[in-house]
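J.: Sequence and predicted structure below; questions after.
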4 protein chains.
Amino acid sequence: MSPRTSEQFKKIRDDKKNIILRAALEEFAEKSFQGASISAIAKRAGISKGLVYNYFLNKEDLLEQIINKAWDSISGLFPNNNKNGLSPYEFQDIIDMNFELLKKDYRFWKLYFSIAMQPASIKFLEKKMPEFISEFLNVFVTYYKQKGSVNPEAEAILLGAVLDGASLNYILNPDTFPINEVKQMIIEKFK
Amino acid sequence: MSPRTSEQFKKIRDDKKNIILRAALEEFAEKSFQGASISAIAKRAGISKGLVYNYFLNKEDLLEQIINKAWDSISGLFPNNNKNGLSPYEFQDIIDMNFELLKKDYRFWKLYFSIAMQPASIKFLEKKMPEFISEFLNVFVTYYKQKGSVNPEAEAILLGAVLDGASLNYILNPDTFPINEVKQMIIEKFK
Amino acid sequence: MSPRTSEQFKKIRDDKKNIILRAALEEFAEKSFQGASISAIAKRAGISKGLVYNYFLNKEDLLEQIINKAWDSISGLFPNNNKNGLSPYEFQDIIDMNFELLKKDYRFWKLYFSIAMQPASIKFLEKKMPEFISEFLNVFVTYYKQKGSVNPEAEAILLGAVLDGASLNYILNPDTFPINEVKQMIIEKFK
Amino acid sequence: MSPRTSEQFKKIRDDKKNIILRAALEEFAEKSFQGASISAIAKRAGISKGLVYNYFLNKEDLLEQIINKAWDSISGLFPNNNKNGLSPYEFQDIIDMNFELLKKDYRFWKLYFSIAMQPASIKFLEKKMPEFISEFLNVFVTYYKQKGSVNPEAEAILLGAVLDGASLNYILNPDTFPINEVKQMIIEKFK
DNA sequence: AATGAATGAGCGTTCATTCAT
DNA sequence: AATGAATGAACGCTCATTCAT
């Protein structure tokens, strides 16, 4: 009889929004942003096509909110005092963190790599992507400088590339990739 | 004027086919397989849309022939006697080769990585891709076994991942990636 | 507190209904019937989308009730004794009235002209529209007959057309159209 | 066997383009620009929906080309020497022309009036429309100045309004509107 | 009397593919 | 061997309308 309260509506909205975000992430990861369709996302979320647009402005907004949500949850994990450099333990923690994030949601990272390949085709990523990458790299540059490396920039770039490569291979073969051995070997060779 | 021989006709067909393949590769690399259109490929090749279908069954066949052609030209570069293992020189040669291939045609590798992310959505790749990768890896497994590594499979997989990661980063930033320094560092750390 | 009487409920309903009708008229006038959306009408009326359907059957019903309401309030303004013809004063009054109605609510007349153009696409107007126009015209036919015009029907139709044309031009440029000069000239030329 | 020549293609294109323009004009006139659908236009033209986009950029481009085509054919009809003013014969010719154009293609003018009501919603018309109208009006202002009218601008505006009104009424009732009588009366009253 | 989540048909548009020439 | 007109399915998106609360 009486209309729902705004708290009830908010709850419904938040829940449904997360269901759609999840479905979209899965479709994007499997088919790429371009290859995924709103129809398929809606079907996977168990709702009608039109409802997606009750929660998101458009397809790109869906992607943006997926990225932002992940970005927020990742940003909190970085050490704050990286101006003073990293201890060997912290270095190892960051490598660990990289693989923990992968295991927790390899689908997001599959999406991440697939959009990294066509950043120009998605407007808001042209600024976001380089920021994200350089924040990661700077931590390593500082670490290698502090260690007295001959070429800390190149070494950091290589480490970044190694983590990318290992992540990529894990993502493509999550069941057979020897993630723990690889992680250990990376720590030994690059610490 | 004598009529053209069937060899001459074949030559013309092959030349045109290669022009189309090249145009398709460039479009696929820039816009991704899904984002590229037959129209744009035809325009880039300087022919009509319809003619593409005289040479190729469909869009996916275009992709398949691009991959196969590249695959053939790469396969020839591998040492034949890899049953007997690699000498350190040959090991270094393979790493060199990896980066030479990248520099020669980074567009192909951009396409390669971008489709590697969605193997399920492109039927013929589901079989081809793993073959391609394992052929590459086997060479390294043999090498590390011969060197007496504790875990030659994992070490080979890591090296494969490193090469993937470095390649990927080079592709995304061909102008700023310190490719030669990185190559040297990889050889030192993984030989 | 005593419970509200049914008259009070009716009053509330009528007020809300008029708010919606007003909002709908404004949206229709600005964006055309086809271009206006129920969402925007509800937002302008400060209510929810769903509530519109508590008061009106559908979008077309909204339009119909706008027209009927205006029609009723206009009909009352016509002289009752038009069977006996119009005095020159009454003639002038009707012309005046035409422009007073325009000034009072030019948005309604904008809507009126815009739907007049597509009567076939709005079912209920196919009958209503001609009635409305001929009632207006008959007054002028009687006037010109009484004046002894050679072709009173044609003269009445021309006058109707002149009023339409002047109204239309006023609606499209309410700020620059010299409405008073034009009115005077119409009275001089057509009385 | 041999492909069609470019002349043959041009012929096909021109013919088909005109068929589509005609179908679009009819749909726009009956349902308004907003109310008409590309589907219905294609069906009326006897072609598939997709083909419309082989000939026109989008729905608005269709409208623009209809307007421009009509505009070009009308512009040629205006007297060139209107700087020197109009003789009474030329004045009458212009009134005649107005009605001849109406008779020749009253559907275009129906569209014209219907878009005149929402010029803001169609970008390219915001500039085109006022130009079109003022070109028409200027001829009359010059005429009335030359005749020594007290208020030539207002008189020209009234005449414009009268022609609009008569045109509008003819368009809405092409079969019953006494176009010739009305034309004569306009010439008498406004020359 | 009132909300806004939800639906589904239809919109404008794109594009892989076919086909007459 | 070659053209580009033509199709039709699918896309992203909008919106009138319904309904549980």
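T.: Great, that's in hand. Computed from a predicted structure; not experimentally measured.

J.: Need the per-residue pLDDT for A:Lys83.
T.: We note a pLDDT of 62 for A:Lys83 in this prediction.

J.: wait, A:Leu77
T.: We have a pLDDT of 74 for A:Leu77.

J.: Could you give the number of residues near the nearest residue to it once chain neighbours are set aside?
T.: Spatial nearest neighbour of A:Leu77, excluding adjacent residues (Cβ to Cβ, 6 or more residues apart in numbering or on different chains): A:Met97 at 5.6 Å. (C-beta placed from N, C-alpha, C; glycine too.) Residues within reach of A:Met97, counting by other Cβ atoms under 10 Å in any protein chain shown, total 14.

J.: Next: the one 5 residues further on.
T.: Residues near A:Leu102, counting by other Cβ under 10 Å, number 21.

J.: go on, the one 4 residues further on?
T.: A:Tyr106 has 16 neighbouring residues, counting by other Cβ under 10 Å.

J.: Chain A: helices as residue ranges?
T.: Using DSSP state H, the helices assigned to chain A run over residues A:6-35, A:38-45, A:49-55, A:59-75, A:88-104, A:106-116, A:125-147, A:152-172, A:179-190.

J.: List just the one of those that sits closest to C:Gly50.
T.: Closest approach to C:Gly50 among these is made by helix A:6-35 (13.0 Å; Cβ to Cβ).

J.: What ranges in chain A fall below the confidence cut-off?
T.: In the predicted model, chain A carries pLDDT under 70 at residues A:1-2, A:78-84.

J.: domains for it, by residue range?
T.: What automatic domain parsing lists as the domains of chain A is A:1-58, A:77-190.

J.: can I get the ones you listed in TSV with distance to DNA strand F?
T.: TSV is the format used below for the domains of chain A (distance: least, Cβ to the nearest atom of the strand, whole Å):
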stretch	distance to DNA strand F
domain A:1-58	3
domain A:77-190	12
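
J.: out of the ones you listed, nearest to C:Lys128?
T.: Counting by Cβ to Cβ, C:Lys128 lies closest to domain A:1-58 out of those; the figure is 34.1 Å.

J.: now check the closest one, is it near chain B?
T.: Yes - shown here: domain A:1-58 in contact with chain B (Cβ under 8 Å from any Cβ of the partner chain) through A:30-32, A:34-35.

J.: Pull the most distant pair out of these.
T.: For the residues of domain A:1-58 next to chain B, the farthest-apart pair by Cβ to Cβ is A:Glu30 and A:Gln34; their separation is 12.3 Å.

J.: Report the closest residue of chain A relative to chain B.
T.: Residue nearest to chain B within chain A: A:Gly165 (2.5 Å; Cβ to the nearest Cβ).

J.: From what I see, that residue and B:Leu168 are in contact.
T.: Yes - the criterion here is Cβ atoms under 8 Å, and A:Gly165 meets it with B:Leu168 at 6.9 Å.

J.: hmm, back to that, minimum distance to D:Leu102: which of the helices of chain A has it?
T.: helix A:49-55 (43.7 Å).

J.: Just confirm yes or no for that closest one near DNA strand E.
T.: Yes - against DNA strand E, helix A:49-55 shows contacts by Cβ under 7 Å from any atom of the strand at A:49-51, A:54.

J.: Which of these sits closest to DNA strand E?
T.: The nearest member of the residues of helix A:49-55 next to DNA strand E to DNA strand E, counting by Cβ to the nearest atom of the strand, is A:Gly50 at 1.9 Å.

J.: and that closest one, what does it touch?
T.: By Cβ atoms under 8 Å, 6 or more residues apart in numbering or on different chains, no residues touch A:Gly50.

J.: Pick out the residue in chain A sitting closest to chain D.
T.: Going by Cβ to the nearest Cβ, chain D is nearest to A:Asn58 of chain A, at 18.4 Å.

J.: if we can go back for a sec, most neighbours per residue, which of the helices of chain A?
T.: Among the helices of chain A, ranked by average contacts under mean count of other Cβ atoms under 10 Å in any protein chain shown, first place goes to helix A:152-172 (a mean of 23).

J.: Neighbours of the residue lying closest to A:Glu30 once chain neighbours are set aside, how many?
T.: The shortest distance from A:Glu30 to any non-neighbouring residue, by Cβ to Cβ, 6+ apart, is to B:Ala120 (6.5 Å). For B:Ala120, the tally of surrounding residues (other Cβ under 10 Å) stands at 10.

J.: Same check on A:Thr176?
T.: Neighbours of A:Thr176 under the rule other Cβ under 10 Å: 10.

J.: What are the phi and psi values at it?
T.: Phi and psi for A:Thr176, reported as degrees, to the nearest 10, are phi -110, psi -10.

J.: Tell me how far it lies from B:Ala154.
T.: A:Thr176 sits 11 Å away from B:Ala154, going by Cβ to Cβ, to the nearest Å.

J.: In contact with A:Ser114, which residues are there?
T.: By Cβ under 8 Å, 6+ apart, A:Ser114 lies in contact with A:28-29, A:32-33, B:114, B:117-118.

J.: just A:Arg22 next, same as before
T.: A:Ala45.

J.: What of A:Ser149?
T.: A:Glu155.

J.: For it, give me phi and psi.
T.: Dihedral angles (degrees, to the nearest 10) for A:Ser149: phi -60, psi 150.

J.: how near is it to A:Glu155?
T.: Separation of A:Ser149 from A:Glu155 (Cβ to Cβ): 5 Å.

J.: With A:Ser32 instead?
T.: As judged by Cβ to Cβ, A:Ser32 and A:Glu155 stand 32 Å apart.

J.: Also A:Ser87?
T.: In this view, A:Ser87 and A:Glu155 are 18 Å apart by Cβ to Cβ.

J.: A:Asn58 now?
T.: From A:Asn58 to A:Glu155 the distance is 42 Å (Cβ to Cβ).

J.: what does A:Ile133 give?
T.: Counting by Cβ to Cβ, the gap from A:Ile133 to A:Glu155 is 16 Å.

J.: same check, this time on A:Gly76
T.: A:Gly76 sits 27 Å away from A:Glu155, taking Cβ to Cβ as the criterion.

J.: what does A:Ala161 give?
T.: Using Cβ to Cβ, we find A:Ala161 at a distance of 11 Å from A:Glu155.

J.: can you check A:Met97 too?
T.: Using Cβ to Cβ, we find A:Met97 at a distance of 19 Å from A:Glu155.

J.: again with A:Ala36
T.: Taking Cβ to Cβ, one finds A:Ala36 at 37 Å from A:Glu155.

J.: and if you look at A:Lys49?
T.: A:Lys49 sits 49 Å away from A:Glu155, going by Cβ to Cβ.

J.: Quick one: name the residues of chain A near DNA strand E.
T.: Proximity of chain A to DNA strand E, by Cβ under 7 Å from any atom of the strand, involves residues A:1-4, A:6, A:9, A:12-13, A:16, A:47-51, A:54.

J.: Tell me the one of the residues you listed nearest DNA strand E?
T.: Using Cβ to the nearest atom of the strand, A:Gly50 comes nearest to DNA strand E of the residues of chain A next to DNA strand E, at 1.9 Å.
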